[in-house]
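> this one's structure only:
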């Protein structure tokens, strides 16, 4: 084992040995090399005459660039565009995002969180957390209605075993009991379990009620306190898009600081919540696991995350990070977000009004939804893929089939004045297929 990895592991063990137990083989072995990056960082401060370290091209102390490219970014200094960003991300961006997390999750005010590590959007953050904490054969607990990319990341890429539970109970609420039962069963087998908490959920568009959130978080803490190491990853891609009386904080805020055997990991970013899908800026943030100073533990975990990012993507894009820094400091940022959220909320409520009238129930019914970008319908008489293809070929309408019975509909991408027609055509298509 590399001495740098060994040193990080010793810091983790000294602060909370259960976190070391949670790490995968990769997580234990990974480190941030003191090579080109660290030597270049030193030279950036001390090399006042010539700096011949990092592999970029400069002229008179400024990065070289193509004018045809630079003119697309007028108003931004070339150093904020063309140079490499640090492996952990721009320091100012990390500080701004940590402050944002705290302000939008009031329950965290007295809870320590790490300095967020910048990654290449949420997929990269989720993969990084998986690589740090999952070995082949470890369990990942997911609802049976989950984003398909989880399977590619955690099962195909890492080799973990996916264990699912029914998403909803007989009362059309979240199946918290089924979740906790599955977590406990998987945890007993390996003394460790990795859970993904994605709210608002993709594909169903469901967020927990406050009571469900309390039941779920308290249950996870009880499982951890029983001697099972729990890595609780909150996939907060759609954070802030809450349209009903639901929990309006991340579950991260209800899990951090609750048990030495429970590590809360927050994965979020500007992708969905700030309507910047192509910028690919995400964050990995760790929550405290014990009362007292967690800074050394956080630093070790941040360094391991940075080591994995260095080995895979080197660093997240500098232009996107620079723009995000400026946007987060804009006085109008919150107002602009709220305005766009209201547009999505109007669409969501329009869909709800259709089903509140009992329309189309002979062909399909909705699963519970109250947030996010999506909702799902359960088909009664036709197969989902058959319907999807018919809608595409005959009506020019695109939807997603997620299994034999379910269709995911992104109301986020349909103007409110077209929503009634959309569901009417889906109903007509169902009828034509069963005629």
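Looks like it came in fine. From a predicted model like this one, the values you see are computed outputs, not experimental measurements.
> Could you list the low-pLDDT ranges of this structure?
35-38, 41, 43, 47-48 (pLDDT under 70).
> What are the boundaries of the strands in it?
58-59, 62-63, 117-119, 139-143, 161-165, 192-198, 229-235, 262-269, 282-286, 364-366, 374-379, 400-401, 406-410 (DSSP state E).
> Note down every partner strand of the fourth one and its orientation.
Using DSSP bridges, the neighbouring strands of strand 139-143 in the sheet come out as strand 161-165 (parallel), strand 192-198 (parallel).
> Need the residues that contact the shortest one.
To tie it back to what came earlier, the one meant is strand 161-165. Applying C-beta atoms under 8 Å, 6 or more residues apart in numbering, the external contacts of strand 161-165 come out as 137-144, 146, 150-151, 154-155, 175, 178-179, 181-182, 185-186. (C-beta placed from N, C-alpha, C; glycine too.)
> same thing with the last one?
The contact list for strand 192-198 (C-beta under 8 Å, 6+ apart) reads 21-22, 126, 130, 133-134, 138-142, 146-147, 150, 154, 160, 179, 183, 186-187, 216, 220, 223, 228-235, 237, 251.
> re the thing from before, can you put the strands of the chain in JSON lines and add mean neighbour count?
Listed next are the strands of the chain as JSON lines, based on neighbours: other C-beta atoms under 10 Å:
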{"stretch": "strand 58-59", "mean neighbour count": "11"}
{"stretch": "strand 62-63", "mean neighbour count": "14"}
{"stretch": "strand 117-119", "mean neighbour count": "30"}
{"stretch": "strand 139-143", "mean neighbour count": "23"}
{"stretch": "strand 161-165", "mean neighbour count": "16"}
{"stretch": "strand 192-198", "mean neighbour count": "26"}
{"stretch": "strand 229-235", "mean neighbour count": "26"}
{"stretch": "strand 262-269", "mean neighbour count": "28"}
{"stretch": "strand 282-286", "mean neighbour count": "27"}
{"stretch": "strand 364-366", "mean neighbour count": "19"}
{"stretch": "strand 374-379", "mean neighbour count": "22"}
{"stretch": "strand 400-401", "mean neighbour count": "16"}
{"stretch": "strand 406-410", "mean neighbour count": "21"}
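> what's the most centrally placed residue in the chain in contact with, if anything?
The chain has residue 235 as the residue nearest its centroid, 3.2 Å off, counting by C-alpha atoms, centre = their mean. Residue 235 sits next to 122, 126, 147, 196-198, 267 when contact means C-beta under 8 Å, 6+ apart.
> Residues in a beta bridge with it, which ones?
Per DSSP bridges, the residues bridged to residue 235 are residue 198, residue 267.
> and it, how far is that from residue 303?
23 Å (C-beta to C-beta, to the nearest Å).
> Could you identify the longest helix within the protein?
Across the chain, the longest stretch assigned as helix under DSSP state H is helix 333-356.
> Remind me what that one packs against, helices and strands.
Judged by 3 or more C-beta pairs under 8 Å, 6 or more residues apart in numbering; DSSP states H and E, helix 333-356 is in contact with strand 364-366, helix 419-434.
> switch to 10 Å and redo it
helix 91-104, helix 318-328, strand 364-366, strand 374-379, helix 419-434 (3 or more C-beta pairs under 10 Å, 6 or more residues apart in numbering; DSSP states H and E).
> check contacts around residue 332.
Counting by C-beta atoms under 10 Å, 6 or more residues apart in numbering, residue 332 makes contact with residue 339.
> likewise residue 230?
By C-beta under 10 Å, 6+ apart, the residues touching residue 230 are 18, 22, 141, 183, 187, 192-195, 220-221, 223-224, 255, 258-259, 261-264.
> Could you report the distance from residue 94 to residue 283?
Distance from residue 94 to residue 283, counting by C-beta to C-beta: 8 Å.
> so what sits against both of those two?
Joint contacts of residue 94 and residue 283 (C-beta under 10 Å, 6+ apart) are 115-118.
> Just send these back as a markdown table, with distance to residue 81 too.
Converted to a markdown table, those look like this (distance: C-beta to C-beta, whole Å):
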| residue | distance to residue 81 |
| --- | --- |
| 115 | 24 |
| 116 | 22 |
| 117 | 21 |
| 118 | 16 |
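> so which of those residues would you say is closest to residue 298?
Relative to residue 298, the closest of the shared contacts of residue 94 and residue 283 is residue 115; by C-beta to C-beta it sits at 6.9 Å.
> doesn't residue 285 make contact with that closest one?
Yes. In this structure, residue 115 is within contact of residue 285 by C-beta atoms under 10 Å, at 8.0 Å.
> Next, show the common contact partners of those two.
The contact sets of residue 115 and residue 285 overlap at 94, 97-98, 298, 302 (C-beta under 10 Å, 6+ apart).
> per the record, what domains does the protein have?
Using automatic domain parsing, the domain parsing of the chain gives 3-32+87-328, 334-434.
> To residue 62, which of the helices and strands packed on helix 333-356 lies closest?
Closest among the helices and strands packed on helix 333-356, once you apply C-beta to C-beta, is helix 318-328, at 14.6 Å.
> How far off centre is that closest one?
How far helix 318-328 lies from its chain's middle: 19 Å, per C-alpha atoms, centre = their mean, to the nearest Å.
> quick one, that helix and helix 91-104 angle?
Going by axes from the mean of the first three to the mean of the last three C-alpha atoms, to 10 degrees, helix 318-328 is angled at 40 degrees with respect to helix 91-104.
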